[in-house]
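[1] no sequence for this one, just the structure:
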C-alpha cells in the first residue's frame, strides 16, 4: 500500500527533469525501441521554463540527435544509473525496466507509455516504491475537441448522403473516392450511419454504388459550410467529457501496419502480384484505421472495404474475411468485452481465411488485455513482426511506427508531450492541481489519492 503524499510534495511542481533512453524492458525485449521522448527543441523549452533537465547519455543517438545537441539546448548528460535518481519527473517513451523504476525517489513521478493492463507488474513495482506513474497513452482531451475541419467534413457528408433521394441512410452502399487528410469527420459520419457497405476506391467505379462521393467533392462541400452552421452544430452537441488521446502516433501506426501488410501480402507468393489486385478489408474507422486507409490508397490499392459495426456482425463479416487478401484490424473493443468477444477467431484461421491471407492487428495487447483478433495473444516486435498459423500470416507489432516511421513518430511524440507539460494541461506544475485528463491517467503511486473517487482510471489497449 502506498503512503499518502505530504502537503509539500502535493504542491511541488516538477523542476528536476530526467529524459531516459530506451533499453531492454518488458515492452522492449529485443531492444528494437530506439526512439527518444523529447527532441532537443522540447528540452530547450523546458529549460526556458526554469527546469533543470538531464538527458541519459546516447538517448537520442538512434534518431540522429547527439548528446551535443541536448547540451546545446541546456541539458546535462547523465548515466543510466544517475538519470533515475534525484528527479521530480522522469520522462521516457516506453515504460522502463523494473529495476530502473525502483531507482526512483519515493514521491517522484514517471511519465511514460505505461500500459497498466498489459504490464500490471509495473504498477505493482511503482506502488511498492512509492513512485507515481502517469500513463501517456491514457491522457485524453478534457473536454473533447472537435476541430472546425472535422465538423465541416461531418456536415458535408451528411448533406451529400441526404441528397440521395428515396433511400434511408441504412439502405445506402457508399463508395468514397481517393483520400484526404481532412475527410476524417466525413468518413466517420458515413460509417456511423451503418450503411449496407462502405468502400474506399482509388477511382470511380464503372458501375457506381448507390452513392459515390469523391474526397475532393467532400472537401468542396465542406468549404461551403458557413461558420454559423459550425457554431450551431457545437451548440446542439456539447463536447463529451473526454476526447481522443493527447499523446499518440496513431496515424503513423496505421500507415506502418498497412504498409507492412501490403508488402507481405504481395511477396508471400500466394496470389496478388500488385497492389491494385489486393482485396483489403479494414475493421474499424477510428484514427488508427484512418492511417491504414491513407497508406492503402498511397500504395495504389484499388478497393478497401471499411467494416462498420453492421458489417462486423456475422455472417456479414465472414463474407469479407473469405474474400480478403489482407485483413487490417483497427477496432479497439471496450475493456469489458476483451477476451470474450472477437472479430477474427481461431476457427476463422482454419475454416474461413484462405492460406496466404495476412492479418494485421493495429491495436495490440497481451494475454491479460486481448485484442479483437483471437489468434493474436501477444504482440510481436519489429525484429520478428509476424508468425504463421494454418497458412495465415499474423502480425501485431508493439511499436508499428518503428517499421518506417520512427523519426516522424518521435517528432510527433515530442511535440505532444511538450504541449501536455507546458501548454494545455500544465503537467509541469505538478500533480496537486492536475487536470481531470491527467488524473484519469494516474495509474500508480501515492498521488492516486488526489483522484476523486468518482474519477475512473482510463483504460486503453492501443499500442
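    Cool, got the structure. All of these numbers come straight from a predicted model, not from anything done at the bench. Numbering: from 1, shown residues only.

[2] got a pLDDT number for residue 137?
    Residue 137 carries a pLDDT value of 95.

[3] In three-state terms, how would residue 388 be classified?
    strand (DSSP: H, G, I helix; E, B strand; the rest coil).

[4] contacting residues for the closest residue to it other than its chain neighbours?
    Once flanking residues are discounted, residue 388 sits nearest to residue 394: 7.3 Å by CB to CB, 6 or more residues apart in numbering. Backbone N, C-alpha and C define where each C-beta goes, glycine included. Listed by CB atoms under 8 Å, 6 or more residues apart in numbering, the contact set of residue 394 reads 359, 361, 373, 375-376, 386-388.

[5] Repeat that for residue 282.
    Contacts of residue 282 by CB under 8 Å, 6+ apart are 289, 292-293, 296, 304-307, 328, 330.

[6] Quick check: residue 356 touching residue 267?
    No. Residue 356 is beyond contact range of residue 267, at 10.9 Å (criterion: CB atoms under 8 Å).

[7] More neighbours: the two, which one.
    Neighbour totals were compared for residue 356 and residue 267, and residue 356 leads with 17 against 9 (other CB atoms under 10 Å).

[8] Find the nearest non-adjacent residue to that one, please.
    Nearest to residue 356 is residue 270, by CB to CB, 6+ apart, at 2.5 Å.

[9] Give the full set of residues in contact with the nearest residue to residue 132 once chain neighbours are set aside.
    Nearest non-adjacent residue to residue 132, counting by CB to CB, 6+ apart: residue 445, 3.1 Å away. Listed by CB under 8 Å, 6+ apart, the contact partners of residue 445 are 2, 109, 126-127, 130-133.

[10] Show me the domain layout of the protein.
    7-141+406-450, 146-194+206-238, 250-404 (automatic domain parsing).

[11] Generate a markdown table for those domains, with distance to residue 200 as supplementary columns.
    Shown next, in a markdown table, are those (distance: least, CB to CB, whole Å):
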| stretch | distance to residue 200 |
| --- | --- |
| domain 7-141+406-450 | 23 |
| domain 146-194+206-238 | 5 |
| domain 250-404 | 5 |
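
[12] Lowest average pLDDT across these?
    Across the domains of the chain, domain 146-194+206-238 gives the lowest mean pLDDT, at a mean of 90.

[13] For residue 244, state which of the contacts of residue 445 is nearest.
    Of all these, residue 244 sits closest to residue 133, with 21.4 Å by CB to CB.

[14] ok, and the closest non-adjacent residue to the closest one?
    Distance criterion CB to CB, 6+ apart; nearest residue to residue 133, sequence neighbours excluded, is residue 444 at 4.1 Å.

[15] Name the residues of the strand or helix carrying residue 82 that are buried.
    Here residue 82 sits within helix 80-83, counting by DSSP states H and E. Neighbour counts over helix 80-83 (16 or more other CB atoms under 10 Å) mark 80, 82-83 as buried.

[16] Could you pull out the strands in the stretch 51-200 of the chain for me?
    Using DSSP state E, counting those that start in this stretch, the strands found in the stretch 51-200 of the chain span residues 52-56, 76-78, 89-94, 109-113, 132-135, 173-177, 197-201.

[17] can you tell which of these is closest to residue 215?
    Taking CB to CB, strand 173-177 is the member of the strands of the stretch 51-200 of the chain nearest to residue 215, at 6.3 Å.

[18] same for that closest one, what does it pack against?
    Strand 173-177 is packed against helix 184-192, strand 197-201, strand 211-214, helix 215-223, with contacts defined by 3 or more CB pairs under 8 Å, 6 or more residues apart in numbering; DSSP states H and E.

[19] list the contacts for residue 399?
    Contacts of residue 399 (CB under 8 Å, 6+ apart): 28, 32-33, 94, 381-382, 463.

[20] top of these by neighbour count?
    Taking other CB under 10 Å as the neighbour criterion, residue 463 ranks highest of the contacts of residue 399 with 27 neighbours.

[21] about what we covered before: any chance of the helices and strands packed on strand 173-177 in a markdown table, with distance to residue 347 and mean neighbour count too?
    Converted to a markdown table, these look like this (distance: least, CB to CB, whole Å; neighbours: other CB atoms under 10 Å):
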| stretch | distance to residue 347 | mean neighbour count |
| --- | --- | --- |
| helix 184-192 | 27 | 22 |
| strand 197-201 | 24 | 21 |
| strand 211-214 | 35 | 19 |
| helix 215-223 | 37 | 18 |
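
[22] could you dump the ones you listed to TSV with distance to residue 343?
    Output for the helices and strands packed on strand 173-177, formatted as TSV (distance: least, CB to CB, whole Å):
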stretch	distance to residue 343
helix 184-192	15
strand 197-201	16
strand 211-214	26
helix 215-223	27
